[in-house]
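# Give me the fold of what follows.
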Amino acid sequence: MDFSQNLRRLRSAWLISLLATMVVLMLAACGGAASAPASPATPAPTTATTSESTPATSPSTSTSSPEIKMVESNGIYSFTPATLTITKGTKVVWTNTSDAPHTVTPDTASAFTASSNLTQNQTYSLVFNTAGTYAYHCSIHSYMKASIIVK
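This next block holds a predicted model:
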């Protein structure tokens, strides 16, 4: 075997190793839970909210309900907007616009009913009838955090 063949084999082995490492890192990023600093607990309002889960094939077209989108930017998922201020009795609609499943899960279990897994273009909505701050997150991607302020 000559030098050029050894060099080609070494390059091939290096490339395969690099690709395998990239695949492992991508899989870990998609399925792993990132740690984030804990946020202070917000007391849950005493009156329950009304919830409805609406699996849909297209995003909501209603203009009267504020919409929160689950988005991806540079491989990082988030709720947009991260903070929403509304008045009592307002219906909020979440739409998953990313290719990964997400949930809307209250930080305080009694605050409201969590959504099921929402796939791309599915929606979830809640009517907030009680003033307070409702912190929530995605149970699949725990670094996704946001809040609703009801006045």
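
# where along the protein do the helices fall?
3-31 (DSSP state H).

# Worst mean pLDDT across the helices and strands of it, which element?
None of the helices or strands of the chain scores lower by mean pLDDT, DSSP states H and E than strand 50-54, at a mean of 44.

# Enumerate every residue touching S78.
When the contact criterion is CB atoms under 8 Å, 6 or more residues apart in numbering, the partners of S78 are 70-72, 144, 146. Just so you know, the C-beta spots here come from the backbone N, C-alpha and C atoms, and that holds for glycine as well.

# if you set the cut-off to 10 Å instead, what comes out?
If you count contacts by CB atoms under 10 Å, 6 or more residues apart in numbering, S78 has them with 69-72, 98, 102, 138, 141, 143-146.

# okay if I get these as TSV plus pLDDT?
Listed next are the contacts of S78 as TSV, based on pLDDT from 0 to 100:
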residue	pLDDT
K69	98
M70	98
V71	97
E72	96
S98	97
H102	97
C138	97
H141	97
Y143	97
M144	98
K145	98
A146	98
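
# Just the buried ones from those?
A residue is treated as buried here by neighbour count (16 or more other CB atoms under 10 Å); on that basis the buried members of these are 70-71, 98, 102, 138, 141, 144-146.

# Do a quick rundown of the strands in the chain.
Defined through DSSP state E, the strands belonging to the chain, from first to last, are 50-54, 67-73, 76-80, 83-86, 90-96, 105-106, 123-128, 132-137, 145-150.

# The third one vs strand 90-96, what angle?
It refers to strand 76-80. Relative orientation of strand 76-80 and strand 90-96, computed by axes from the mean of the first three to the mean of the last three CA atoms, to 10 degrees: 160 degrees.

# I'd like the numbering to begin with 24 instead of 1 from here.
Sure, I'll start numbering at 24, so the last one becomes strand 99-103.
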